[in-house]
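Novice: The following comprises the amino acid sequence and a computationally predicted model.
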Amino acid sequence: MLGALPGAVPCARLHARLVLVEWGLKALAESAELVVSELITNAVRTSAGLPEARHSLPTVRMWLSADHERVLVQVWDADHQLPVPQQPDPDAEHGRGLLLVESLSEAWGAYRPQRSIGKIAWAILH
């Protein structure tokens, strides 16, 4: 669990890199770092706009799972809005994150967990 602050992004990236190296999946570490960065950035941004953010620090959560060939990255935040890829203008500073996730992932998506608030965005790297 991380506070929904900009500092959560580099912390999550480093954690993902170190865990994948420890798991013997160093070849996937760079792609996983980029995917984690985008998913955590989106979670932090959406959390900042939640009404609860005015009264307490929202949190985001990240889970990493792997077999011997693939890595599953999951990121939870309290916003129920599912992410939608955008086609940003060439000069836009934001809006390309999910396109990057899609290009680096075997598959990706998001869902609302049952009996819980928020959503989980996920990506599988191979």
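Specialist: Looks like it arrived, so ask away. Numbering: from 1, shown residues only.
Novice: CA only for contacts and neighbour counts going forward, please
Specialist: OK.
Novice: Okay, now the unreliable bits of the chain?
Specialist: 53, 92-93 (pLDDT under 70).
Novice: does the nearest residue to V73 once chain neighbours are set aside sit in a helix or strand, and which one?
Specialist: What sits nearest to V73 in space, not counting adjacent residues and going by CA to CA, 6 or more residues apart in numbering, is L64, at 4.9 Å. For L64, the host element (DSSP states H and E) is strand 59-66.
Novice: Given that strand, what are its sheet partners and their directions?
Specialist: When pairing is defined by DSSP bridges, strand 59-66 lines up against strand 2-3 (antiparallel), strand 71-77 (antiparallel).
Novice: Check these for me and report the most buried one.
Specialist: Most buried of the strands paired with strand 59-66 by mean neighbour count (mean count of other CA atoms under 10 Å) is strand 71-77; its value is a mean of 22.
Novice: following it, which helix or strand shows up next?
Specialist: Following strand 71-77 toward the C-terminus (DSSP H and E): helix 97-104.
Novice: Flag every buried residue along that following helix.
Specialist: Neighbour counts over helix 97-104 (16 or more other CA atoms under 10 Å) mark G97, L98, L99, V101, E102, L104 as buried.
Novice: Would you mind pulling the contact partners of that helix?
Specialist: Contact with helix 97-104 is made by S31, L34, V35, E38, L39, V84, P85, Q86, W108, A123, L125, as judged by CA atoms under 8 Å, 6 or more residues apart in numbering.
Novice: for stretch 54-64, same thing?
Specialist: 1-4, 12, 16, 40, 43-44, 47-48, 52, 71-78.
Novice: quick one on the thing from earlier: could I get the buried residues of helix 97-104 as TSV with distance to I117?
Specialist: Below are these laid out as TSV (distance: CA to CA, whole Å):
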residue	distance to I117
G97	23
L98	22
L99	26
V101	23
E102	25
L104	28
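Novice: Return the member of these nearest to V21.
Specialist: L104 (18.2 Å; CA to CA).
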